[in-house]
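> Return a 3D structure for these sequence lines:
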Amino acid sequence: MTPEEALIYLPAQDEDERDDLFEEKLFECKQFLTNRFPIEKLIQSRIDKLLKVEEAYIALGGSVRQFTAIDVQEPPTSGTIEHSFSWYHSERNALKLKVNSAKSAGELDAYLRELLRITKCYAQNWVIELTAGDPNPITSKEPDPMELQAAFKQLDTTEGLTIAVLQNLDDDHLLKIEAKRLTFWLQSEE
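Here you go, the predicted structure:
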């Protein structure tokens, strides 16, 4: 990318303005993506735009820290849905902190890809059979984790929440609504 082309993506007059503008674009991307439920196409679109901005930043004389790899967390292989819920929210919060500290498009992309991966692992624990009459829920609208936690406690099953228990809940039960949302989301991400 030539400096002239770079000015299209990063219209900066001097070095300080260039640095500030790049940081602003990086911050905007992080805020946009961490405040939404992860959707692969949306992540890819935003990262592609940020990569162009970063390429322009480098063409105008800026430099970014090289990023190598991240620690990949393996999901629990056994346990209840409640256990996977706790694991997911713990890992997701840790990843969101890393996303917010990312200094480059590559680093941000790596953390968001990991967030997407753990979300898919988590959602697989919630997959239920859907009926033809089930309306498509808004998959990007996540319920409050505290309300889900309260619903787990209110259900109070001795063996823990299983797919069979989920499947038999009333259609308006928060946990069944969440199972439908995550099932639809997984189907849309495939």
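
> Tell me both backbone torsions, phi and psi, for the spatially most central residue of the chain.
Nearest to the geometric centre of the chain sits Pro38, at 3.2 Å (CA atoms, centre = their mean). Main-chain dihedrals, Pro38, degrees, to the nearest 10: phi -70, psi 130.

> Trp126 now?
phi -110, psi 0.

> Look up the closest residue to the residue nearest to the centre of the chain, ignoring the ones flanking it.
Leaving aside its sequence neighbours, Pro38 sits nearest to Leu116 (CB to CB, 6 or more residues apart in numbering; 4.6 Å). (Each C-beta comes from the backbone N, C-alpha and C, glycine too.)

> From the structure, what's the count of residues near the one you found?
With neighbours defined by other CB atoms under 10 Å, the count for Leu116 comes to 17.

> Could you list the buried residues of the helix or strand hosting it?
Assigned by DSSP states H and E, Leu116 falls within helix 105-124. Neighbour counts using 16 or more other CB atoms under 10 Å place 105-116, 118-123 of helix 105-124 among the buried residues.

> ok now the following helix or strand past that helix, how far from the chain's centre?
Counting by DSSP H and E, the next helix or strand C-terminal to helix 105-124 is helix 145-155. Its chain's average C-alpha position is 22 Å from that of helix 145-155, according to CA atoms, centre = their mean, to the nearest Å.

> Stretch 57-64 now?
Offset of stretch 57-64 from its chain centre (CA atoms, centre = their mean): 28 Å.

> Next: stretch 131-139.
Centroid separation between stretch 131-139 and its chain, computed with CA atoms, centre = their mean, is 22 Å.

> Can you name the residues that contact Ile58?
Val64 (CB atoms under 8 Å, 6 or more residues apart in numbering).

> so it is in which element?
Element membership for Ile58, per DSSP H and E: helix 40-59.

> What are the buried residues along that helix?
The neighbour-count check on helix 40-59 (16+ other CB under 10 Å) flags 43, 46-47, 50-57, 59 as buried.

> what do you get for stretch 85-93?
Residues 85-88, 91-92 are the ones in stretch 85-93 that count as buried (16+ other CB under 10 Å).

> Just put those in a markdown table and tack on secondary structure.
Compiled in a markdown table, the buried residues of stretch 85-93 are given as follows (DSSP: H, G, I helix; E, B strand; the rest coil):
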| residue | secondary structure |
| --- | --- |
| Phe85 | helix |
| Ser86 | helix |
| Trp87 | helix |
| Tyr88 | helix |
| Glu91 | helix |
| Arg92 | helix |
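
> need the contact list for Ile128.
Applying CB under 8 Å, 6+ apart, we find Ile128 in contact with 163, 166-167, 176, 179-180, 183.

> Neighbour-wise, which one of those leads?
Counting neighbours by other CB under 10 Å, Ala179 comes out on top of the contacts of Ile128 with 24 neighbours.

> so that residue touches Leu166, yeah?
Yes: when contacts are counted by CB atoms under 8 Å, Ala179 is listed as touching Leu166 (4.9 Å).
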